[in-house]
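>>> sequence unavailable; structure follows:
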């Protein structure tokens, strides 16, 4: 069910998300070597995991559940646990996905939120907390862990995106779903999908732009030197 977001509330929530993204940079500047910063990063990772679990409990509750929207198959549904693993376990593959793919996909969800956007509904806060967590995890990964992807990480992200489309697109077609927003249906709100024309042709520019944004993120975050930089090998 669509519920267009109040513009003032939208600006407020976007501001809070982007403010949260700046926090890791400021913390590193004030106390770069502090062990407490590592502990805070792990706490954030577990918090993202808890928010993701709560989000799915909400969507799987009997009064809400719907096969077409409740399964954790959107890209950000997958980025949530990946972000948690990247921060808690420092898994290199999870870190590379967070570095290259978090911003291209999660920022779009922040700029053009979908679904019920009523602050009195639990889904509103779970939606914004999850996306804020993913984007803040990105900056923790970049500034606190100082992770820098290698070229093979970019190819790995391309392969994952291709595999995602290969699995989700047939499901969308067969079951009339719209996970990943690559199905025939469109959200009830104005989103970036409106720029890409009709289905299925719109999938082509969507994928091209997604990969272009991933490439940009790779070049923005790749190694530029520094003895304490953690490089993917």
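It's in. The shown structure was predicted, so the numbers you read here are calculated from the model rather than taken from an experiment.
>>> what residue is smack in the middle of this structure?
Geometric centre of the chain, nearest residue: residue 106, 3.6 Å, by CA atoms, centre = their mean.
>>> next, it: secondary structure please.
helix (DSSP: H, G, I helix; E, B strand; the rest coil).
>>> now stretch 79-99: buried residues?
79-88, 90, 92, 94-99 (16 or more other CB atoms under 10 Å). C-beta here means a position set from N, CA and C on the backbone, and glycine is covered the same way.
>>> swap in stretch 59-76?
59, 69, 71, 73-76.
>>> in helices only, show me those residues.
Counted as lying in helices by DSSP state H, out of the buried residues of stretch 59-76, are 59, 75-76.
>>> out of these, which is nearest to residue 6?
residue 76 (21.7 Å; CB to CB).
>>> gap between the closest one and residue 132?
Residue 76 sits 11 Å away from residue 132, going by CB to CB, to the nearest Å.
>>> hmm, back to that, min pLDDT across the buried residues of stretch 59-76, which one?
Scanning those for pLDDT, the low point is residue 69. It has 93.
>>> just list the residues touching it, thanks.
59, 115 (CB atoms under 8 Å, 6 or more residues apart in numbering).
>>> ditto for the one 4 residues further on
Residue 73 is in contact with 168, 171, 179-180, counting by CB under 8 Å, 6+ apart.
>>> who wins for neighbours among those?
Greatest neighbour count in the contacts of residue 73, by other CB atoms under 10 Å, goes to residue 180: 23 neighbours.
>>> check contacts around that residue.
Counted by CB under 8 Å, 6+ apart, residue 180 has contacts 73-75, 164-165, 168-169, 172.
>>> export the residues you listed as JSON lines, with columns for distance to residue 150.
Below are those laid out as JSON lines (distance: CB to CB, whole Å):
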{"residue": "73", "distance to residue 150": "29"}
{"residue": "74", "distance to residue 150": "28"}
{"residue": "75", "distance to residue 150": "22"}
{"residue": "164", "distance to residue 150": "21"}
{"residue": "165", "distance to residue 150": "24"}
{"residue": "168", "distance to residue 150": "27"}
{"residue": "169", "distance to residue 150": "29"}
{"residue": "172", "distance to residue 150": "33"}
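>>> which of the residues you listed sits closest to residue 22?
For those, the nearest to residue 22 is residue 75 (23.6 Å; CB to CB).
>>> so what's that closest one closest to, chain neighbours aside?
residue 105 (4.6 Å; CB to CB, 6 or more residues apart in numbering).
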